[in-house]
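> heads up, no residue letters with this:
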């Protein structure tokens, strides 16, 4: 875990598909460069857990993220050409500079047997 108040960065975490991987963070975290998380391409194989003091998660540059983020206290943002494939639980979410987000419907199917896996909008705010 990172020390509270310290912004941490790292480039690559490899999930090989044989195990489920999860990391938790207590401080702000920034993923960038050409880092790739979860090389398996299966979003259910990787989860990022933001602890209550984790208030910011940034994903930038040409990096791609395949997995889920569960950081209900954090402002989550993607920028640059970052690609996100999976699902996010966050205090807020922003995507800028050509970044993109793709919800993985298979996550809904995996979590709820018989579910359609369709993303349901619960609230939004037009800016």
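That came through fine. Keep in mind that this is a model prediction, so the values were computed, not measured.

> return the set of buried residues in the longest strand along the chain.
Criterion DSSP state E: the longest strand present in the chain is strand 64-78. Within strand 64-78, the residues scored as buried using 16 or more other C-beta atoms under 10 Å are 64, 65, 66, 67, 68, 69, 71, 74, 76, 77, 78. All C-beta spots, glycine's among them, are computed from the backbone N, C-alpha and C.

> which one of the residues you listed is nearest to residue 103?
Nearest to residue 103 among these: residue 68, at 10.4 Å, using C-beta to C-beta.

> state the distance from the closest one to residue 57.
The spacing between residue 68 and residue 57, counted by C-beta to C-beta, to the nearest Å, is 12 Å.

> same question, residue 83
15 Å.

> higher neighbour count, the two?
The neighbour comparison of residue 83 against residue 57 (other C-beta atoms under 10 Å) goes to residue 57, with 23 against 18.

> now name the helix or strand holding that one.
Here residue 57 is covered by strand 56-59, with elements defined by DSSP states H and E.

> on that earlier part again, what do residue 68 and residue 57 both touch?
Shared contacts of residue 68 and residue 57, defined by C-beta atoms under 8 Å, 6 or more residues apart in numbering, are found at residue 48.

> tell me where this protein has helices.
105-111 (DSSP state H).

> ranges for the strands of it?
8-10, 21-25, 29-31, 36-37, 46-50, 56-59, 64-78, 83-95, 100-103.

> give me the number of residues near residue 41?
13.

> could you pull up phi and psi at it?
Torsion angles at residue 41 (phi, psi; degrees, to the nearest 10) stand at phi 80, psi 10.

> surely it touches residue 66?
Yes: assessed by C-beta atoms under 8 Å, residue 41 is found in contact with residue 66 at 5.6 Å.

> below-threshold pLDDT in this protein: ranges please.
Along the chain, the model assigns pLDDT under 70 to residues 1-22, 24, 33-37, 109-127.

> for the longest strand of the chain, which helices and strands make contact with it?
Contacts defined by 3 or more C-beta pairs under 8 Å, 6 or more residues apart in numbering; DSSP states H and E place strand 64-78 against strand 36-37, strand 46-50, strand 56-59, strand 83-95.
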